[in-house]
Each structure stands twice: as C-alpha cells, then as structure tokens.
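Novice: Need coordinates for the below:
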Amino acid sequence: MKITGNMINYYFVCQRKLWLFSHGLQYEEENENVQLGKLLDTSSYKGKRKQIMLDGTINIDFLEDWKVLHEVKKTRAIEPAAIWQLRYYLYYLQKRGVSVEKGYIDYPKLRERIEVTLDEKEINELERIIESIKMIVTQNDSPKVEKKKICPKCAYYDYCFI
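Specialist: Residues are numbered from 1 along each chain as shown. The predicted structure follows:
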C-alpha cells in the first residue's frame, strides 16, 4: 500500500478525511482553500524546481540541491500535520538512499519558515503512524464525524455535515 504525503497530513488533521480520500472521494480540486494554496505555491519561490513527484507517492513542493526539502503552506493552522508530512518526505527519501539534510516549512504570506529534521525517535513514531494509517484506510467504514475547528474550511465539509 502506498502511503502518500497527503495521507500523513490527513492522519493528523482528520482520520475521516484520510479514509474518504483513500477511498477515492477526492473533493480538493473544487475547494476554494485548496485552490488558494495552489495559487500561493505557483506564485511563490519562482525560479525553484517545484512539484517534484517521486514514485507517484510523495510530491515535494521544491528542493535545493537534493539536500533541503521545502513544503509551502498558506497558514500555520494545521502546522503539526505539515511537520509530520515533511518528516515523512525526509524518511521516504532516506529509505531510498537519498541523503537529505533537513526540510523547511515555508509560509510565504507570513514571511516565516520553520526547520524540520528527522531523528530516530521520530522515525519510530512515523513507522507507528504508517501502520495506523494502513489500519484506518482498510476499515470497511469511515471513522465517525468529529466536529473540529477546521471543519468549515475542509473540502469534505458537505460530505460530513450536510
């Protein structure tokens, strides 16, 4: 089973969203917040090699000299999910023999950046998370709806609440 960066991110944001996404219910393209994020991604960091898809599994926003990964985000609203997504990219590349030093989450609208690294403890946690994701997406039924602060901005809001 392929575990994508989006799946890692959704694991932290909402496990129901993770399940729905992994079962082919993908509403992101129509969502205004997703479209704004894509616009931000394409208009920021011009001149950088961007949107690097590897193995159809991870999609790196941009990288420098195959040493430093960058993930571009609009806001810090779900920062823990973004951090683990970037850690997963570091982990994924390390597993394939690509020596990556670190990553950054870039917030161009905020003019901020945070550094993300990966240590042995985080690798162990990622492996536990990956196993948990596999269990969630292979369930017959989606996890129950959990009302969260971010729900109204979610591409799946109508599916869950209307």
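
Novice: Following element in sequence after the helix or strand of the chain with the lowest mean pLDDT, please.
Specialist: Here the helix or strand of the chain ranked lowest by mean pLDDT, DSSP states H and E is helix 32-43, holding a mean of 55. Scanning forward in sequence from helix 32-43 by DSSP states H and E, the next helix or strand is strand 50-54.

Novice: Need the mean per-residue confidence for that next one.
Specialist: For strand 50-54, mean pLDDT rounds to 80.

Novice: Which secondary structure elements does that strand sit against?
Specialist: helix 32-43, strand 58-64 (3 or more C-beta pairs under 8 Å, 6 or more residues apart in numbering; DSSP states H and E). Every residue, glycine included, has its C-beta placed from N, CA and C.

Novice: Off-centre distance for that strand?
Specialist: Distance, stretch centre to chain centre, for strand 50-54: 13 Å (C-alpha atoms, centre = their mean, to the nearest Å).

Novice: Just give the strands next to that strand in its sheet, each with its orientation.
Specialist: Strand 50-54 sits in its sheet next to strand 58-64 (antiparallel), going by DSSP bridges.

Novice: Wasn't residue 70 part of a strand?
Specialist: Yes: assessed with DSSP: H, G, I helix; E, B strand; the rest coil, residue 70 lies in a strand.

Novice: quick one: it from residue 12, how far?
Specialist: Noted for residue 70: a distance of 19 Å to residue 12, by C-beta to C-beta, to the nearest Å.

Novice: For these two, indicate the residue with more neighbours.
Specialist: Higher neighbour count among residue 70 and residue 12: residue 70, with 21 against 17, using other C-beta atoms under 10 Å.

Novice: Against residue 64, how distant is the more buried one?
Specialist: According to C-beta to C-beta, residue 70 and residue 64 sit 7 Å apart.

Novice: Tell me, please, where in this protein the pLDDT is lower than the cut-off.
Specialist: Applying pLDDT under 70 to the chain flags residues 27-50.
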